[in-house]
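*Asks:* Provided below for reference: sequence and predicted model.
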Amino acid sequence: MALRDLMSAAVERVHVGARQGPQQERSRVKMTRLLAATFDILVEGGPSAVTTTAVAARAGVSTGWLYRYFDSREALLEQVLVEGLRDLDRRLDEIDFDLAGSNWRTKAAQGIDAHIAFFGELVWFRQVWFSSEFSGRMIQANRIHDNELAAYLASTITEVRSDAPDVPLSVMTTFFIGMLDKGVDLAYRDDPLRGNTAILSEMKRSSIDYLATFLAEPDSTP
């Protein structure tokens with residue numbers, strides 16, 4: 001599975017967000033406006049300001065049209081998670097994020113930087129991610145996405161240290177993704193607006209050092 005398609009697996013298994021995607025071009029344009037309106041309202045007032053009435057009015061669509069695709073405001077907020085993680089997947093795909101070869105350290109650093117930039121730039125996503133609204137199907141979908149990303153990274157590994165711990169690579173990459181999730185959580189808990197740069201830097205350093213206990217580099221290849 002390609003990196004940019006990872007979120008599709010979560011959407012199919014959990015049925016999170018919109019019940020269906022618009023088929024006609026006119027409806028796709030309306031959906032784009034609807035999501036943009038949701039993002040704007042999130043930035044301005046947070047999740048509590050997102051209602052189906054407010055979003056429909058901001059987007060210039062009827063509430064009846066909105067309910068054609070979304071069961072509730074909760075489904076709208078779920079779609080925010082979906083759109084955000086799809087954006088992250090595209091970013092990772094564009095830099096060919098993997099852990100292949102003995103130059104894995106450079107690739108890992110690029111992937112971590114992409115995660116940091118993603119959370120720093122998408123305020124509307126952070127408004128949901130760090131709120132009490134992040135629950136239920138959102139949590140399930142995010143777990144599936146994390147598992148898919150971890151499995152993908154494990155499948156790309158080609159150079160393993162001869163003295164690496166006796167731990168399955170899929171477990172190692174799952175733990176690595178967990179370190180990124182927790183690092184971002186700590187950084188924005190400490191500084192909700194910008195993220196604590198010291199914590200983000202330590203997240204990057206420590207997670208790469210963790211990978212180094214498993215992955216071979218030019219001077220450690222058996």
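*Replies:* Structure's in. What do you need? Residues are numbered from 1 along each chain as shown.
*Asks:* residues touching Ala10, list them.
*Replies:* Contacts for Ala10 (Cβ atoms under 8 Å, 6 or more residues apart in numbering) come out as 16, 82, 85, 140-142, 144-145, 148. (Each C-beta comes from the backbone N, C-alpha and C, glycine too.)
*Asks:* same thing with Phe119?
*Replies:* Contact analysis of Phe119 by Cβ under 8 Å, 6+ apart lists 125-126, 129, 184, 188, 195.
*Asks:* Would you mind identifying the next helix or strand past the helix or strand harbouring it?
*Replies:* Element membership for Phe119 (DSSP states H and E) is helix 104-121. Per DSSP H and E, the first helix or strand lying C-terminal to helix 104-121 is helix 123-129.
*Asks:* I'd like to know which elements that following helix is packed against.
*Replies:* Counting contacts by 3 or more Cβ pairs under 8 Å, 6 or more residues apart in numbering; DSSP states H and E, helix 123-129 is packed against helix 25-45, helix 73-94, helix 104-121.
*Asks:* What residues of the helix holding Phe119 count as buried?
*Replies:* The neighbour-count check on helix 104-121 (16 or more other Cβ atoms under 10 Å) flags 104-105, 107-108, 111-112, 114-116, 118-120 as buried.
*Asks:* a markdown table for those residues, including pLDDT and distance to Arg28?
*Replies:* Output for the buried residues of helix 104-121, formatted as a markdown table (pLDDT from 0 to 100; distance: Cβ to Cβ, whole Å):
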| residue | pLDDT | distance to Arg28 |
| --- | --- | --- |
| Trp104 | 97 | 39 |
| Arg105 | 97 | 41 |
| Lys107 | 97 | 34 |
| Ala108 | 98 | 36 |
| Gly111 | 98 | 31 |
| Ile112 | 98 | 34 |
| Ala114 | 98 | 27 |
| His115 | 97 | 29 |
| Ile116 | 97 | 31 |
| Phe118 | 98 | 24 |
| Phe119 | 97 | 28 |
| Gly120 | 96 | 29 |
